[in-house]
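> output the structure for:
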Amino acid sequence: MDLESISEATSGVIGSLLSTTILYPLDTCKTRYQADVKANDQAKYRNLSDVFWEAISTRQVLSLYQGLETKNLQSFISQFVYFYGYSYFKRLYLETSGAKSIGTTANLILAAAAGACTAIATQPLDTASAKMQTSAFGKSKGLWKTLTEGTWSDAFDGLEISLLLTANPAVQYTVFDHLKQRLLKGKENKTGKGSSPEALSAFTAFVLGTVAKSVATILTYPAIRCKVMIQAADPDDDEKTKEARPKIRKTIPGTLCVYIFLTRGRIKNA
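Residues are numbered from 1 along each chain as shown. From the prediction side, this is the model:
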């Protein structure tokens, strides 16, 4: 049993659960805003705050938490699998190659491999979470009913894009690790060899994590929104809005169709 990998995975899980729970209402607003499709060149939500005000005006503020249990479960499994997988692959690489450190290319490959394992293991929960968040306020279904209302393949909607999005945690973790090493090396040069701190302070780690996540999100945001639009359940809109909603293929070519829609403001049904 790789206790060090388990320790890193556990730390990642705890941090992820806390951040997911605290920021979940904002995540729900973001997901609903991303999944919004323009009907007759006019979107339902003009900006992110419109989702929040809709919840307030309809007295459904607590509905911003719909799907929280599923999201936490998905976050728990994904973070544990990712951090354990990355730590395990990294240790295995160092042992088999005999190298003292991991280069940027190898680091990206190892992180992408861990991300791919995570995506496959948690895709049904990710899809269910997206469906719950984009359902009409107060009408979200439970996890089991959400997973079983369609075919088994429906539970893996957007898997191809999720595999492409392994670049997100790969870039995030690589940027964080690179910034961390540079910071510790800089402190070591100032204080002398052997006297550098073994770990970052909580505040420094938070800042570096924020920077790393921002870089990764900016680079992969178009694909992130495409995945959400593919996974999202059809909301209980009126017939006119439903007819205007595009029928998106749940494949890589379908992703390209969504991207065309995002850039041109509309999409034609296949």
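
> which residues sit against stretch 99-116?
Outside stretch 99-116, the residues within contact range by C-beta atoms under 8 Å, 6 or more residues apart in numbering are 81-83, 85-86, 89-90, 93-94, 163, 165-171, 173-174, 177-178. For glycine as for every other residue, the C-beta is placed from the backbone atoms N, C-alpha and C.

> grab the nearest non-local neighbour of Leu219.
Excluding the flanking residues, the one nearest Leu219 by C-beta to C-beta, 6 or more residues apart in numbering is Val171, at 6.1 Å.

> tell me the pLDDT at that neighbour?
Listed pLDDT for Val171 reads 80.

> show me what contacts it?
By C-beta under 8 Å, 6+ apart, the residues touching Val171 are 108, 212, 215-216, 219-220.

> so how far is the helix or strand hosting Val215 from its chain's centroid?
Taking DSSP states H and E as the definition, one finds Val215 inside helix 202-231. Put simply, helix 202-231 sits 8 Å off its chain's centre (C-alpha atoms, centre = their mean, to the nearest Å).

> so which bits of it are buried?
Residues 208-209, 212-213, 215-216, 220, 223-231 are the ones in helix 202-231 that count as buried (16 or more other C-beta atoms under 10 Å).

> for these, which one is nearest Tyr24?
Nearest to Tyr24 among the buried residues of helix 202-231 is Val228, at 15.3 Å by C-beta to C-beta.

> I'd say the closest one and Thr31 touch.
Yes - Val228 is in contact with Thr31 according to C-beta atoms under 8 Å; the separation is 5.8 Å.

> between the two, which contacts overlap?
Here Val228 and Thr31 have 130, 134 as joint contacts, going by C-beta under 8 Å, 6+ apart.

> mind listing what the residue nearest to the spatial centre of the chain touches?
Nearest to the centroid of the C-alpha atoms of the chain, with distances taken as C-alpha atoms, centre = their mean, sits Ile224, at 7.6 Å. By C-beta under 8 Å, 6+ apart, the contact set of Ile224 is 34, 165, 168, 217.

> same question for Tyr24.
By C-beta under 8 Å, 6+ apart, the contact list for Tyr24 reads 64-65, 68, 71.

> now it: how far from Asp154?
For Tyr24, the distance to Asp154 (C-beta to C-beta, to the nearest Å) stands at 24 Å.

> need the contact partners of stretch 148-159.
The contact list for stretch 148-159 (C-beta under 8 Å, 6+ apart) reads 119-120, 123-124, 126-128, 141, 147, 227, 230-231, 250.

> list the buried residues of stretch 102-111.
Buried residues in stretch 102-111 (16+ other C-beta under 10 Å): 102, 106-108, 110-111.

> no no, stretch 136-155
137, 140-141, 143, 146-147, 154-155.

> and for stretch 83-99?
Within stretch 83-99, the residues scored as buried using 16+ other C-beta under 10 Å are 83-90.

> now stretch 15-28: average pLDDT?
Mean pLDDT, computed over stretch 15-28, is 86.

> quick thing: my sequence starts at 34, can you match it?
Yes, from this point I'll number from 34; that puts the last item at stretch 48-61.

> what about the spatially closest residue to Leu176 that is not a sequence neighbour, distance to Thr54?
Closest residue to Leu176 apart from its sequence neighbours, by C-beta to C-beta, 6+ apart: Thr103 at 5.0 Å. Using C-beta to C-beta, Thr103 is found at 13 Å from Thr54.

> same question for Gln214.
Taken as C-beta to C-beta, the span from Gln214 to Thr54 is 31 Å.

> roughly how far out does stretch 185-197 sit from the chain middle?
Remark: stretch 185-197 is offset 13 Å from the chain centroid, using C-alpha atoms, centre = their mean.

> what is the end-to-end distance of that stretch?
Its first and final residues considered, stretch 185-197 spans 21 Å by C-alpha to C-alpha, to the nearest Å.

> would you map the helices across the stretch 134-283 of the chain?
Assigned helices in the stretch 134-283 of the chain, in chain order: 137-167, 176-181, 192-197, 200-224, 235-264, 272-277 (criterion: DSSP state H, counting those that start in this stretch).
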